[in-house]
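*Asks:* after the sequence you'll find the predicted model.
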Amino acid sequence: MSIDKQRKAYNELNNEINKTSPSVFSNFEKFKSSEILIKQNINKISKNYDDKTIAAISRESLGYGPLEGLIDNPDITEIIINSYNEIFFENDRKFEKHSQVFSTPESYLQFIRTLSSEANIKHDINTPFSNGQWQNFRVHLIAPPLAANTQLTLRRIKENGWDLESLINNSLMTAPQAEKLKTFYKDKKSLLIIGPTGTGKTSLVNSLLKLSKPLERIVCLEDTDEIKLPNTLSTKLLTRMDLHKRLQDFELSDLIIQSLRMRPDRLILGEVRGKEAKDLLMTFSTGHKGGIATLHAENPKQALWRLEMLVQMGAPSWSNDGIRRLIKLGIDYVITLGFEGNKRKLTGIHKIQSLEPTGFLFKNET
């Protein structure tokens, strides 16, 4: 199917609709109530085009266009749209360029308006970016003037979650490694799970939470809803960031304080990335055992350096020695995830053995 033919058909459809109901495709409220009108005009122009072209503009006008096949395919883990005719997807850790595109920049922006409405996210010239969740995808959207055009990144959130057995079957870890992690979780060791983007940090957290007892209260704290609660006694708190500054923001550090009044057996932090590191370590080091947090880092030393710097964001007057002692008190093991080729792997289980004048000493228990 020719993109030129698809574009011609879409423009003809738009022209036909504008004769009776102008600006349907640029006015979102009008667009939502015009499904019958759109179908009637698709039938009207269908004699001029082949079935594939009509199917493409039907998907684009009434659905999610070229993304429909990608959204429904569970093997597609990430979708990146750089422009209306530049769509890429990730399958088995490899990116491919999609053979389908949006017909015009306008039809792509109509899809963006649809997604933004369904995900309840907003962006404008004052705040030209937004984050949220749409269906089972994590959404990041950025628009001009920060980007040349409106760009979208969708990361799939696995619906059924993982367990340790499935991670073994997918070669992410070995059976002995899984047994160690089971023991750590049972013994309520505090774990810092680290790795680059896409290495399976959240998957491992979800797998460990499935080991929870039926009446064990887990309190999860996240920016985006990704961690699966293991039972109905457990609960989740989500941050709120109002880019338009009409509502008060609530950050992870606020949620940590609130969670301590909710009788948690374990505290789970989706990702440490800011000053909440101080509150997290204060919590982990003062009797709240068995907690889990994730952090972007490639190895244990780098992870604890990063953690130290993040704590300083929340407590700039604290000494480096005091922060390191707090880390030693609060974190028992650093679990490292990475890649071997295109495969995700648990690459290290490191016990924080001691704190020396030269830094932390680790015992590799992989």
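*Replies:* Okay, I see it.

*Asks:* tell me which helix or strand the residue nearest the centre of the chain sits in.
*Replies:* Residue closest to the mean C-alpha point of the chain, counted by C-alpha atoms, centre = their mean, is Arg138 at 4.3 Å. Using DSSP states H and E, Arg138 falls within strand 137-142.

*Asks:* and that strand, what does it pack against?
*Replies:* In terms of contacts (3 or more C-beta pairs under 8 Å, 6 or more residues apart in numbering; DSSP states H and E), strand 137-142 is packed against helix 105-119, strand 129-134, strand 151-156. Heads up, the C-betas are built off the backbone N, CA and C, glycines and all.

*Asks:* same list (the ones you listed) but as CSV, adding mean pLDDT.
*Replies:* Below are those laid out as CSV (pLDDT from 0 to 100):
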stretch, mean pLDDT
helix 105-119, 90
strand 129-134, 90
strand 151-156, 96
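
*Asks:* please identify the deepest-packed of those.
*Replies:* strand 151-156 (a mean of 20; mean count of other C-beta atoms under 10 Å).

*Asks:* tell me which strands that one pairs with, and in which orientation.
*Replies:* The pairing partners recorded for strand 151-156 under DSSP bridges are strand 76-83 (antiparallel), strand 137-142 (antiparallel).

*Asks:* grab the nearest non-local neighbour of Leu229.
*Replies:* Leaving aside its sequence neighbours, Leu229 sits nearest to Lys236 (C-beta to C-beta, 6 or more residues apart in numbering; 6.1 Å).

*Asks:* which residues are in contact with that neighbour?
*Replies:* Lys236 sits next to 219-222, 225, 227, 229 when contact means C-beta atoms under 8 Å, 6 or more residues apart in numbering.

*Asks:* if we go to 10 Å?
*Replies:* Contacts for Lys236 (C-beta atoms under 10 Å, 6 or more residues apart in numbering) come out as 218-222, 225-229, 255, 259, 268, 270.

*Asks:* these, buried ones only, as a ChimeraX selection?
*Replies:* Burial among the contacts of Lys236 is assessed by 16 or more other C-beta atoms under 10 Å; the matching ChimeraX selection reads:
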select :218,219,220,221,222,226,227,228,229,255,259,268,270
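
*Asks:* farthest residue from the center of the chain?
*Replies:* Outermost in the chain, C-alpha atoms, centre = their mean: Lys47 at 43.3 Å.

*Asks:* give me phi/psi at it?
*Replies:* The phi/psi pair for Lys47 (degrees, to the nearest 10) reads phi -70, psi -20.

*Asks:* what pLDDT does it get?
*Replies:* Model confidence at Lys47, given as pLDDT, is 79.

*Asks:* how many other residues sit next to Ser99?
*Replies:* 9 (other C-beta atoms under 10 Å).

*Asks:* related to what we said a few turns ago, list the single closest residue to the residue nearest to the centre of the chain in space, sequence neighbours excluded.
*Replies:* Arg155 (4.5 Å).

*Asks:* show me the contacts for the residue nearest to the centre of the chain.
*Replies:* Residues near Arg138 by C-beta under 10 Å, 6+ apart: 78, 131-132, 153-157, 202, 223-226.

*Asks:* what would the strands paired with strand 151-156 look like in TSV with distance to Lys278 and mean pLDDT?
*Replies:* Output for those, formatted as TSV (distance: least, C-beta to C-beta, whole Å; pLDDT from 0 to 100):
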stretch	distance to Lys278	mean pLDDT
strand 76-83	32	96
strand 137-142	26	95
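
*Asks:* using TSV, please lay out these together with distance to Arg344.
*Replies:* Below are the strands paired with strand 151-156 laid out as TSV (distance: least, C-beta to C-beta, whole Å):
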stretch	distance to Arg344
strand 76-83	11
strand 137-142	18
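
*Asks:* ok, which of those comes nearest Arg59?
*Replies:* Nearest of these to Arg59, taken as C-beta to C-beta: strand 76-83 at 15.3 Å.

*Asks:* can you tell me what sits against that closest one?
*Replies:* Here strand 76-83 has contacts from 66-67, 69-71, 86-93, 95-96, 98, 101-102, 105, 108, 111-112, 137-138, 140-141, 147-158, 197-198, using C-beta under 10 Å, 6+ apart.
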